[in-house]
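Asker: Fold the following, please.
(one chain, ligands or ions: 1)
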Amino acid sequence: MELSQEQITFFRQNGFVRLDAITTQEEIIRLRAIYDRLFEQKSGRNEGQQFDLAGTDEDDKEAKLPQILSPSTYAPELKDSLYHRNALTVAQQLLGPTAAYTGEHAILKPPRIGAETPWHQDEAYWNPGQYHESISIWMPLQEATLENGCMQFIPMDTAGDVLPHHSINHDPRIHGLEMDTVDASQAVACPIPAGGATIHHCRIPHYAGPNRSDTPRRAYILVFGLPTEARETARDFHWQRERQTARQERHRNAQMKN
Ligand code: NI
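Answerer: Numbers count the residues shown, from 1 in each chain. Prediction:
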């Protein structure tokens with residue numbers, strides 16, 4: 001799988017790029033069955049790996065934006081895919097030959113109730129003590145449209161730093177983060193077909209709207225990065241220190257049992 005020079009240049013200038021296809025429609029059907037099973041079975045919930053990204057995540061509340069971290073822990077067959085292989089090739093073309101796979105997650109927007117994913121930079125979620133040069137490859141398992149919550153980006157110089165964030169609704173019980181201020185006047189929406197992809201740098205602000213359609217909006221995201229290095233001067237991501245979520249609690253309890 002080879003990117004065109006136009007695609008590489010577009011990514012360098014804007015911090016994101018769109019691909020029409022990163023895998024086949026046959027594979028999308030296979031991955032979708034696995035994906036739906038993981039959410040139906042609440043895989044990872046007890047370990048804090050499945051939770052509501054946009055809500056307070058109580059056990060008896062329906063999640064508005066369910067997320068699974070590292071879904072291949074619960075379905076290793078996800079990794080044996082053309083998507084994983086193509087994504088690595090693409091990442092190395094954009095970041096360089098030392099780029100490696102660093103993680104994955106799945107974000108589901110249920111029909112009608114799926115909440116928006118507020119404007120954020122991915123690096124705001126990560127270790128503030130390290131330099132990060134990473135990209136996320138975001139693949140929808142059905143068409144992604146403005147109606148069901150496709151990705152939107154603000155083109156920006158990726159050499160900048162992480163801007164201030166806070167928990168959604170300023171509620172530290174909510175895992176999801178939101179930028180304190182954002183000028184979305186230059187935002188670019190990226191509707192793409194099933195099995196297409198958008199790729200964004202870890203410091204590019206992005207957003208996905210609520211799902212107003214009658215079908216689920218499924219996204220399966222792979223993350224690739226250059227080897228991380230410690231920063232000489234620490235940054236304080238206070239939004240991480242302040243967070244107190246039910247997910248952290250379940251994660252701690254599961255660790256103690258081991
Ligand atoms: Ni993100």
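Asker: buried residues in stretch 146-166?
Answerer: Within stretch 146-166, the residues that qualify as buried by neighbour count (16 or more other C-beta atoms under 10 Å) are 148-154, 156, 158, 162-163, 165-166. The C-beta positions use only the backbone N, C-alpha and C, and glycine is treated the same way.
Asker: next one: stretch 53-61
Answerer: Going by neighbour count (16+ other C-beta under 10 Å), the buried part of stretch 53-61 is 53-55, 57.
Asker: In contact with residue 115, which residues?
Answerer: By C-beta atoms under 8 Å, 6 or more residues apart in numbering, the contact set of residue 115 is 54-55, 64-65, 109, 210.
Asker: Can you check the pLDDT for it?
Answerer: Per-residue pLDDT puts residue 115 at 97.
Asker: do the same with residue 1
Answerer: You'll see residue 1 listed with a pLDDT of 89.
Asker: tell me which element the nearest residue to it once chain neighbours are set aside is part of?
Answerer: Spatial nearest neighbour of residue 1, chain neighbours left out: residue 86 (4.3 Å); criterion: C-beta to C-beta, 6 or more residues apart in numbering. Per DSSP states H and E: residue 86 is located in helix 82-95.
Asker: Run the chain-centre distance for that helix.
Answerer: Computed by C-alpha atoms, centre = their mean, to the nearest Å, the separation of helix 82-95 from the middle of its chain amounts to 16 Å.
Asker: Quick one: residues in contact with that helix.
Answerer: Outside helix 82-95, the residues that reach it (C-beta under 8 Å, 6+ apart) are 1-3, 8, 11, 17, 19, 22-24, 27, 31, 78, 99-101, 133-135, 137, 139, 197, 199, 220, 222, 224-226.
Asker: Tell me which of the residues you listed fall in strands.
Answerer: 17, 19, 100-101, 134-135, 137, 139, 197, 199, 220, 222, 224-225 (DSSP state E).
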